[in-house]
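**Student:** pasting the structure only:
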DNA sequence: GCCGTTTTCGGCCCGACTGTTTTCAGTCG
């Protein structure tokens, strides 16, 4: 699947066009197309083979031809041509915060700077401040931008950023005269990785709020500070933007700063067609400039003729269109979950006892909890031998006799290199719930690794496929699975695919979850807890599901225990019927 | 370069902050 490579090439063309100071709309066109392709679940090779590249939104004849050329030859002549005209190091300069195409070009033309190293050297030798449009401050800012780039290049996983943002918001509520403080930006949309934190506050005394924000102990450095907004860096190198607005415009501001950019552009364009103007200050009559509202987000959407749209959907992936048609999906919520289907205890590599896990589940109000310690072959994770598993079952039975929550006897079995499971059928038969997972050989070629997962899906005892790709966010690429085949088999057999809520995994991701549900696949949202406190991570899995337009009825662990058991029995019925047919 | 319940051509969201300037360009989100 070459989708990410194609997207990278289009983004590269956009960068080069920007450095040549081509039309910003042309530049944006390439970036928009790249974004669309990043979000596809289907391999772009398959779309190209059908001759349907132009059916992808924002891909027209010109970009389609370049994609086709790349897939056929591995090169794009237009890109090679551009690359010859623009020194390669200039692209790297655009990564420096605060340095855009105009000044990057100027630095190249006037000082011959074409790499980050040369930029740093020139700034340190004070050769930049005398250029027209630059000054002492610009020179220092460039050095600071370089440091920031080198120290903190990647994006932060959602879980870490969320924790920092919630702490900062709470500190600000205590330290400043604010009515409200909310997390906005991609964090409010629960994107899986976060570039920076956006906070929005409402207050009658914005300057006091900005001042208090700049003084928070978590703040290491203030990058910019005005009357109503500030940008700071935390001790951990994370950038945080605060914006302060009066209460009557809070809704419009929250809507605006939540994004996404693409969602807002379309919303504003639609508003304009209705004779309205939408900004972070409210909704206005375009002709008279009279303000029509904006105290709440509901008001903003309503004035544009739309119902309120949940932040997780605001990616311009069709949500505005279904909102207009009155067919927004009903999304799953944390409260819908009745239990957790993947957890580990001290018996394998977890850190809590069966009893402690049960208590934690009861504290969350769950009806049931599956204990799914690793099977024997996963030695690194302390997998259980058959004898240990029988001893564990006795312990689970004992806890079940006194606990309010119902513990299910489960197992996380390994999918071996040949697609078989590492655990005997009779042991699987003793379990209430069988989860199968890939932990090794995930870098196998697409066909091979897909065949293994398909075999597990078709195994008569398997109920759930855990973390299907086994990716680790920003650390390990997941398996290159043929998801169309996986979804078809999962739908046919009634096997659930997991959305693993553990913040390092989030696997399935939002895009695949949406496609799976569209094809009738059932999902399970599990925390994969290795500690009683991990059960609370469920909200990250719910966020992925919501971003994937997943309704509660598509998720098996929203069901009451009796209905969950009925679903568990269905798979065995499917297997029996299949045997009969064969 | 893309796109169309205004348009197949002429648009393409809109405002804050910084640092340099004496009214604004560049950058960012």
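**Tutor:** Arrived safely, thanks for sending. In this text, all values refer to a predicted model and were calculated from it rather than measured experimentally.
**Student:** from now on I want contacts and neighbour counts done on CA atoms only, so please keep to that.
**Tutor:** Noted.
**Student:** ok, and what's touching stretch A:475-484?
**Tutor:** Contacts with stretch A:475-484, where a contact means CA atoms under 8 Å, 6 or more residues apart in numbering, come from A:1, A:41-42, A:442-447, A:449-450, A:468-472, A:512.
**Student:** can we see that at 10 Å?
**Tutor:** Applying CA atoms under 10 Å, 6 or more residues apart in numbering, the contact partners of stretch A:475-484 are A:1, A:41-43, A:438-454, A:467-472, A:489-490, A:504-505, A:507, A:512, A:515-516, A:519.
**Student:** burial of residue A:109, as a residue count?
**Tutor:** Counted with other CA atoms under 10 Å, residues neighbouring residue A:109 total 11.
**Student:** for it, phi and psi?
**Tutor:** Backbone torsions of residue A:109, given as degrees, to the nearest 10, read phi -70, psi -40.
**Student:** DNA strand B contacts on the stretch 251-400 of chain A?
**Tutor:** A:257, A:261, A:264-266, A:268-269, A:272-273, A:277-280 (CA under 7 Å from any atom of the strand).
**Student:** next, count neighbours for residue A:491.
**Tutor:** Neighbour tally, residue A:491, other CA under 10 Å: 18.
**Student:** quick check: closest non-adjacent residue to it.
**Tutor:** Excluding the flanking residues, the one nearest residue A:491 by CA to CA, 6 or more residues apart in numbering is residue A:521, at 4.6 Å.
**Student:** OK, contacts around the one you found?
**Tutor:** Counting by CA under 10 Å, 6+ apart, residue A:521 has contacts A:486-497, A:513-515, A:554-555.
**Student:** and residue A:560, by the same measure?
**Tutor:** Taking CA under 10 Å, 6+ apart, we find residue A:560 in contact with A:337, A:338, A:339, A:366, A:367, A:368.
**Student:** tell me, what residue is most central in chain A?
**Tutor:** residue A:192 (2.4 Å; CA atoms, centre = their mean).
**Student:** what's across from residue A:407 in the sheet?
**Tutor:** residue A:369 (DSSP bridges).
**Student:** near it, how many residues? Count them for me, please.
**Tutor:** Using other CA under 10 Å, residue A:407 is surrounded by 26 other residues.
**Student:** so it is in contact with residue A:360, correct?
**Tutor:** No - using CA atoms under 10 Å, residue A:407 is not in contact with residue A:360; the gap is 12.0 Å.
**Student:** for the nearest residue in space to residue A:559 that is not next to it in sequence, give its distance to DNA strand B.
**Tutor:** Among residues not flanking residue A:559 along the chain, residue A:338 sits closest, at 6.4 Å (CA to CA, 6+ apart). According to CA to the nearest atom of the strand, to the nearest Å, residue A:338 and DNA strand B sit 37 Å apart.
**Student:** please enumerate the strands of the stretch 201-350 of chain A.
**Tutor:** A:219-225, A:229-234, A:239-245, A:276-279, A:282-285, A:291-293, A:339-340 (DSSP state E, counting those that start in this stretch).
**Student:** oh, I was asking about the stretch 401-550 of chain A
**Tutor:** Under DSSP E, counting those that start in this stretch, the stretch 401-550 of chain A gives strands at A:406-414, A:433-437, A:464-465, A:496-500, A:523-526.
**Student:** what does the stretch 51-200 of chain A give?
**Tutor:** Using DSSP E, counting those that start in this stretch, strands in the stretch 51-200 of chain A cover A:156-157, A:180-184, A:193-194, A:197-202.
**Student:** among those strands, which is nearest DNA strand B?
**Tutor:** For those, the distance to DNA strand B is smallest for strand A:197-202, at 7.0 Å, taking CA to the nearest atom of the strand.
**Student:** for the longest helix along chain A, packing partners?
**Tutor:** Secondary structure of chain A per DSSP state H: the longest helix is helix A:561-581. Under the contact criterion of 3 or more CA pairs under 10 Å, 6 or more residues apart in numbering; DSSP states H and E, helix A:561-581 touches strand A:368-371, strand A:433-437, helix A:446-458, helix A:483-493, strand A:496-500.
**Student:** point out the most buried one among the ones you listed.
**Tutor:** Across these, the average number of neighbours (mean count of other CA atoms under 10 Å) peaks for strand A:496-500, which reaches a mean of 29.
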